[in-house]
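Colleague: sequence first, predicted coordinates after that:
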Amino acid sequence: MTTPAADRARYDRATAHLDAPLAIVDLAAFDANADDLVRRAGGKPVRVASKSVRCRALLERVLARPGFAGIMSYTLAESLWLARSGFEDVLLAYPSTDRSAFAELAGDPKLAGAVTVMVDDPAQLELIDAARAGGTEEIRVCLELDTALQLLGGRIRVGARRSPLREPAQLAELARRVADRPGFRLVGLMAYEGHIAGVGDAVGGRPLRSRAIRLMQAAARKELAVRRAETVRAVRAVVPDLEFVNGGGTGSVQSTAAEDAVTEIAAGSGLYVPRLFDNYTSFRGRPAALFAQPVVRRPGVGVVTVLGGGYPASGAAGPDRLPVPYLPEGLRYDPQEGAGEVQTPLLGAPADDLRIGDRVWFRHAKAGELCERFEELHLIEGDRIASTVPTYRGEGRTFL
């Protein structure tokens, strides 16, 4: 493990011939994070969440490593593009209403064999059939289980509002509908516990909140493990040859992998390790994806201004959705301005050592969303650029 100061020196040397803004991925950190995901998965394959990577070259790199198998995609158009590019196992994690893409899927045996779509409502089956446009290929289907923790008879809910299917009997009934409907084959079950996998349990400076999160997550893990196992049994009673049961996320890999009912783990953010993954007790990753903004002004003592950098992440708006100044250490936002669209003042003692043209390295709050801002990623080995590869955006693909 190198020090942040040594990393900064490496990144500056590697990119000295380039103009900022620019984005990099440190391949040593990326590979180390991949190894850690596999270790925590305990022998179960890790399906890579493409929305957290958004770069075909890096998807290929991680899928070439032992312990990884398949992609979890985020739109149907992306799923088809990846399948046409040679990825053979693509699970779409969200329902779609893309009629033209469904027509393409139903009309192409290669795509239909590679892509699995998400369903949690019979109306989605109706939409797919209406969109076939004469295509007769069998559509692979996955059902999603709602994982939210409900307390006090459902009056308190903790967890994302995703699938309406919560009870084992509900999923078994939809499984029967899929099994009885020509043109569809049920192959999988998914349950994403975002309130466990995507919520840090060690919030800096907030020990009481951190303890409350840990207590909530312990209760949620226990409740979900029982309900997920019951759901799998109920669905397998209808479709015995179910191919996979997907669960987890970067923050819950080891606890989800410990459930016998789960056959594979989903993860993606843990490859880049954005700032939202700093507050976990279950693992420690290495920041791998960074972006650099150039210093363009020195307004006064203890202040520099960099170009742009206002790249907020999705989710409930708040300070934790902003990128964080990372290198040199010790810089912070001006609370009156924050991260700006075209300029960002940064405060702190390190500002006095920065000159016009120097770089400040940032970490995005989330993982793949960084790639919506940049057309290419410079892949760093040591203190050199090993290669430069396009992001989805760089390939002209902006799916959402």
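Modeller: The structure has been received and is ready for your questions.

Colleague: list the contacts of the most centrally placed residue in the chain.
Modeller: Centroid-nearest residue in the chain, with C-alpha atoms, centre = their mean: Ser52, separated by 3.3 Å. Applying C-beta atoms under 8 Å, 6 or more residues apart in numbering to Ser52 gives the contacts 250, 267-269, 271-272, 366-368. All C-beta atoms are positioned from the backbone trio N, CA, C, and that covers glycine.

Colleague: got phi/psi on the closest residue to it other than its chain neighbours?
Modeller: Once flanking residues are discounted, Ser52 sits nearest to Gly268: 2.9 Å by C-beta to C-beta, 6 or more residues apart in numbering. The phi/psi pair for Gly268 (degrees, to the nearest 10) reads phi -160, psi -50.

Colleague: chain center to stretch 388-397: distance?
Modeller: 17 Å (C-alpha atoms, centre = their mean, to the nearest Å).

Colleague: what residues sit buried inside that stretch?
Modeller: For stretch 388-397, the neighbour count (16 or more other C-beta atoms under 10 Å) marks 389-395, 397 as buried.

Colleague: now, the most widely separated pair of these?
Modeller: Val389 and Arg397 (13.5 Å; C-beta to C-beta).

Colleague: packing partners for whichever helix or strand Ala234 is part of?
Modeller: Using DSSP states H and E, Ala234 falls within helix 207-238. For helix 207-238, the elements it packs on are strand 149-151, helix 168-180, strand 184-191, helix 194-197, strand 244-247, judged by 3 or more C-beta pairs under 8 Å, 6 or more residues apart in numbering; DSSP states H and E.

Colleague: so can I have JSON lines of those showing mean neighbour count, distance to Pro350 and mean pLDDT?
Modeller: Putting those into JSON lines (neighbours: other C-beta atoms under 10 Å; distance: least, C-beta to C-beta, whole Å; pLDDT from 0 to 100) gives the following:
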{"stretch": "strand 149-151", "mean neighbour count": "16", "distance to Pro350": "42", "mean pLDDT": "78"}
{"stretch": "helix 168-180", "mean neighbour count": "18", "distance to Pro350": "54", "mean pLDDT": "97"}
{"stretch": "strand 184-191", "mean neighbour count": "22", "distance to Pro350": "44", "mean pLDDT": "97"}
{"stretch": "helix 194-197", "mean neighbour count": "22", "distance to Pro350": "34", "mean pLDDT": "76"}
{"stretch": "strand 244-247", "mean neighbour count": "24", "distance to Pro350": "42", "mean pLDDT": "96"}
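
Colleague: figure out which of those is closest to Asp129.
Modeller: Across these, closest to Asp129 is strand 184-191 (C-beta to C-beta), at 8.6 Å.

Colleague: quick check: Thr391 touching Glu375?
Modeller: Yes: with contact defined as C-beta atoms under 8 Å, Thr391 reaches Glu375; the gap is 6.1 Å.

Colleague: what's the distance between the nearest residue in space to Pro122 that is not next to it in sequence and Val239?
Modeller: In space, and not counting its chain neighbours, Pro122 is closest to Arg177: 5.7 Å by C-beta to C-beta, 6+ apart. Noted for Arg177: a distance of 11 Å to Val239, by C-beta to C-beta, to the nearest Å.

Colleague: equivalent analysis for Gly338, please.
Modeller: 51 Å.

Colleague: on that earlier part again, from the buried residues of stretch 388-397, pick the one nearest Leu27.
Modeller: The closest of the buried residues of stretch 388-397, once distances to Leu27 are taken by C-beta to C-beta, is Val389, at 11.0 Å.

Colleague: my read is that closest one is in a strand, agree?
Modeller: Yes: assessed with DSSP: H, G, I helix; E, B strand; the rest coil, Val389 lies in a strand.

Colleague: list the contacts of it.
Modeller: In this structure, Val389 makes contact with 55-58, 376-377, 379, judged by C-beta under 8 Å, 6+ apart.
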